[in-house]
Structure formats: C-alpha cells, structure tokens
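*Asks:* my questions concern the predicted model and sequence given below.
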Amino acid sequence: MIIKNSIQATLSRLQIIPVITIDNPQHAAPLAETLLNAGLHCAEITFRTEAAVETLRTFASFGQFTLGAGTVIDKEQLKAAIEAGADFIVSPGFDPALVAECQKNKVQFIPGCCTPSEIQQAIKNSLSLIKFFPAEAFGGVSALKALSAPYPNVSFIPTGGITVDNVATYLKLDCVTACGMTEIVNRDLIATSDFDTIFKLTKEILDKR
C-alpha cells in the first residue's frame, strides 16, 4: 500500500500537473488565472528559461496552487525555487545532493527515474514518490506496470508524452499518483496568449480524470 505524505496526497487528488515553460513572465498571471478558472490548482514551473523564478513568484502570490519547480538540476536553482515559493521540487534525474538539500529544507523532492537501480537509490534516500520520465519514450503504460511491480510502496508521476488521448490510461494504474503534462500549457499557446485554448484543453483533460 502506498503511504502518502501531504504533497503526494494533494497531487493524488488533483491528478493533473501542468508542466509549464514560460519565456515571458508577463504571461504568468493570466496563465495562473486561466488554470484556476478551469479548476486546476496545481502547476510545475520549469527552470528552462530565465523567467522561471519570477513565474514561480507570480503563481505563489495567488495562494491557491500546490506549486512545483521542475527541471531543477543544481543547488542554485533549488535555492531559488524554494525562496520563490515552490512546495515541491522535480528533477529530470536522481541526485543525492539535491535529495539532501530538500530534506534539509523540508521540501518534497521528486526525482526522475526510469530504471530499477534509480528507483532503489530513491528508496534508500527515503523517497516514495518518483517521476517516471520520459514516460512514453521509455515504454509508456506497459513499461510502468512492469517497472512498478517490485516496488508496491512507490508511487509515480509519469511525465513526457502524456496527452489527452492516453492520460486516462495512466491514471487508472494503482501506482500512479498524478500525470505531468505539457499539452494543456503548450509553450506556443502561452507565447501567443491563447488562454482560451489553454482553458478548453485544461477542462478537457480534467474531464478525463
């Protein structure tokens, strides 16, 4: 049986985590409002652009998001994310130094793992919530079923290639807490301020839960 901490329990209830990459921080506030209006109170802001920290601060200022910082790969990014208001930290891979720093700051760390060896390293570091990334590229649902079988106390957030067409299949798996998705917050849609389409896509995805 999967033991849930408070962040994991919240993500399990929300089920969908939009993985957001923003180039212009001025788009952060209208995007946050769009997601909230659509009924989604979770977001992962990726450290792939210089706008990441300001975007995190903007989302945090709404006080209504369970807020993650994604693509965190070093301590400098981690410190900036925590100071900006991140509730949890997501990394594309497993890094013991980042685990230790998050535990020191009492912030949930979710490492990216796609092999048994990586999962066991996470378990050794007292982690039970793992990002399965890149999900579709590493075999999708069938691979996750096989990979998760030996680890009944580990839960996964599949991310990478999750779409409106396959998200429900992932969410049906007992080992899945939530799914990370870029489709509903496509970078081009944000850049062109097409928040109407983002709203419609978000509603469509939420109806798949």
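*Replies:* Thanks, I have it.
*Asks:* the residue lying closest to residue 110 once chain neighbours are set aside: neighbour count?
*Replies:* Spatial nearest neighbour of residue 110, chain neighbours left out: residue 90 (4.7 Å); criterion: Cβ to Cβ, 6 or more residues apart in numbering. All C-beta spots, glycine's among them, are computed from the backbone N, C-alpha and C. Close neighbours of residue 90, defined as other Cβ atoms under 10 Å, add up to 27.
*Asks:* next, give phi and psi for residue 90.
*Replies:* Note on residue 90: its backbone torsions stand at phi -120, psi 130 [degrees, to the nearest 10].
*Asks:* okay, now the unreliable bits of the chain?
*Replies:* Along the chain, segments meeting pLDDT under 70 span 1-5.
*Asks:* where along it do the strands fall?
*Replies:* 16-20, 42-46, 66-70, 88-90, 108-110, 112-113, 129-132, 155-158, 179-181 (DSSP state E).
*Asks:* adding distance to residue 190, write those strands out as JSON lines.
*Replies:* Output for the strands of the chain, formatted as JSON lines (distance: least, Cβ to Cβ, whole Å):
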{"stretch": "strand 16-20", "distance to residue 190": "7"}
{"stretch": "strand 42-46", "distance to residue 190": "12"}
{"stretch": "strand 66-70", "distance to residue 190": "15"}
{"stretch": "strand 88-90", "distance to residue 190": "19"}
{"stretch": "strand 108-110", "distance to residue 190": "23"}
{"stretch": "strand 112-113", "distance to residue 190": "23"}
{"stretch": "strand 129-132", "distance to residue 190": "22"}
{"stretch": "strand 155-158", "distance to residue 190": "22"}
{"stretch": "strand 179-181", "distance to residue 190": "14"}
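*Asks:* and residue 174, backbone torsions?
*Replies:* phi -60, psi -30.
*Asks:* what about it, distance to residue 17?
*Replies:* 18 Å (Cβ to Cβ, to the nearest Å).
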